[in-house]
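Asks: Below is the sequence, then the predicted model.
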Amino acid sequence: MFAACVNVLLFGFCHIAYSRSDGLPGKDLSVPAVVALVRPSVVAIMTRGIPLNSALHPTPPGSGSGVIVDEQGYILTNNHLVENTKSVVVGLPSGRLTPGRVVGRDFLLDLALIKIQARDLIAAKLGQSSTLVIGETVVAIGNPFALKGGSTVTVGVVSAMDRSILTPNGETLYDLIQTDAAINPGNSGGPLVDLSGHVVGMNVAVAPSAQAISYAISIDAVLPPLQSMIVRGSVMRPDLGFLPVTVTPSIVASFSLEIDRGVLTAQVDPSKPAAQAGLQTGDVITAVDNVQIYNMGDFWHAYLRPGDPLPAQLTVFGKNGQVTLSLSRDPFAQSDRQP
């Protein structure tokens, strides 16, 4: 389940200035040396919410962290920090405050991209989370509780890899790094860094009922959507020809469904792959390749799983009961912007 930091806190082509090292240096820097390299790239994110009922009652302001990934002013942070906000202010390491604009979001991965206009920005170097080993030292940098005096540094080890957690909105986050580095409200969106000084994850949550269990989205999972948001302003996923909707109690009631979990297939286009596979509007996908599906995140994670070129086998509950359908994983399938 999402952590206190989540509960309390809330590509036209351009020159991509952030860098990712192919031949990563040895992870032999001291913690102070790592902090000196990365801290100038860590910013504070401050938001003010959209009014819920009237202009006199906006949602409370929130704060979190972000990391500069491009010297042209692109900042990576969590989507839950900027969701339902009407203004974003970025606190730079120099202490200067500057307005920010959300230019890309992906709520399935809890990612958001902010653009600012500022000079002399220092972009963090992105590493490879696949090089991490359990037990190695990592450093978390962020702005917990919006404390004055700049970002806070905590140190821990990689406790586990490839974790997944369920978020308060009912979606699942995958490809998480578990660490025991202390994470608190406001750390969300800040970088997790290895001892080469490269960002290997983005801090996102802690386990509220446990001690020293924190999570970061792996940088390997972040990089493709980050590139897509910079170039296109959105994350591209295959256009299968239907709108996937997570089944919730309200969806069950609205559509009079006989099943209470899975992904509802809405707006099925008869000319596209979903309809050609046999899916109909109102069907519910409950499994992909025998992997149980509870939400949209589950569906896309199972369908887009690397190394599975064969057609996906969908378990579908529809008007005629449960059936199994084959949906192509053709990598050249038409793509479009989808949730």
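Replies: Yep, it's here.
Asks: what residue ranges in the stretch 101-250 of the chain score low on pLDDT?
Replies: Under the criterion pLDDT under 70, the flagged ranges of the stretch 101-250 of the chain are 145-147, 149.
Asks: quick one, helices of it?
Replies: Under the criterion DSSP state H, counting those that start in this stretch, the stretch 101-250 of the chain contains helices at 219-232, 249-255.
Asks: Can you lay out those as TSV showing mean neighbour count?
Replies: Where C-beta positions appear, they are placed from N, C-alpha and C, glycine not excepted. Formatted as TSV, the helices of the stretch 101-250 of the chain follow (neighbours: other Cβ atoms under 10 Å):
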stretch	mean neighbour count
helix 219-232	20
helix 249-255	12
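Asks: Looking at those helices, which is nearest to residue 330?
Replies: The closest of those to residue 330 is helix 219-232. By Cβ to Cβ, the value is 18.3 Å.
Asks: For the closest one, which helices and strands make contact with it?
Replies: Applying 3 or more Cβ pairs under 8 Å, 6 or more residues apart in numbering; DSSP states H and E, we find helix 219-232 packed against strand 74-77, strand 97-106, strand 111-115, strand 172-179, strand 199-206.
Asks: The longest one pairs with which strands, and in what direction?
Replies: Looking back up the chat, that one is strand 97-106. strand 85-91 (antiparallel), strand 111-115 (antiparallel) (DSSP bridges).
Asks: Dump the helices of the stretch 101-250 of the chain into TSV; add distance to residue 142 as well.
Replies: Compiled in TSV, those are given as follows (distance: least, Cβ to Cβ, whole Å):
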stretch	distance to residue 142
helix 219-232	16
helix 249-255	35
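Asks: Nearest to residue 77 among those would be which one?
Replies: helix 219-232 (11.1 Å).
Asks: what angle sits between the closest one and strand 97-106?
Replies: Counting by axes from the mean of the first three to the mean of the last three Cα atoms, to 10 degrees, helix 219-232 lies at 100 degrees to strand 97-106.
Asks: Give me the angle between helix 219-232 and strand 199-206.
Replies: Using the same axes, to 10 degrees: helix 219-232 against strand 199-206 is 100 degrees.
Asks: Measure how helix 219-232 sits relative to strand 172-179, angle-wise.
Replies: 130 degrees.
Asks: export helix 219-232 as CSV, just CAs?
Replies: C-alpha atoms of helix 219-232 as CSV (Å, rounded to 0.1, in the frame of the first residue of the first chain):
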residue,chain,number,x,y,z
ILE,A,219,15.2,4.2,-13.5
ASP,A,220,15.1,1.4,-16.1
ALA,A,221,11.2,1.6,-15.9
VAL,A,222,11.3,5.4,-15.9
LEU,A,223,13.5,6.0,-18.9
PRO,A,224,11.1,5.0,-21.8
PRO,A,225,8.1,7.0,-20.5
LEU,A,226,10.5,9.9,-19.7
GLN,A,227,11.8,10.0,-23.2
SER,A,228,8.2,9.8,-24.6
MET,A,229,7.0,12.7,-22.3
ILE,A,230,9.9,14.9,-23.4
VAL,A,231,9.3,14.2,-27.1
ARG,A,232,5.6,13.9,-27.3
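Asks: Centre of the chain to it, how far?
Replies: Counting by Cα atoms, centre = their mean, to the nearest Å, helix 219-232 is centred 10 Å from the centre of its parent chain.
Asks: Dump the strands paired with strand 97-106 to JSON lines, plus distance to residue 102 and mean neighbour count.
Replies: What follows is the strands paired with strand 97-106, written out as JSON lines (distance: least, Cβ to Cβ, whole Å; neighbours: other Cβ atoms under 10 Å):
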{"stretch": "strand 85-91", "distance to residue 102": "6", "mean neighbour count": "19"}
{"stretch": "strand 111-115", "distance to residue 102": "6", "mean neighbour count": "24"}
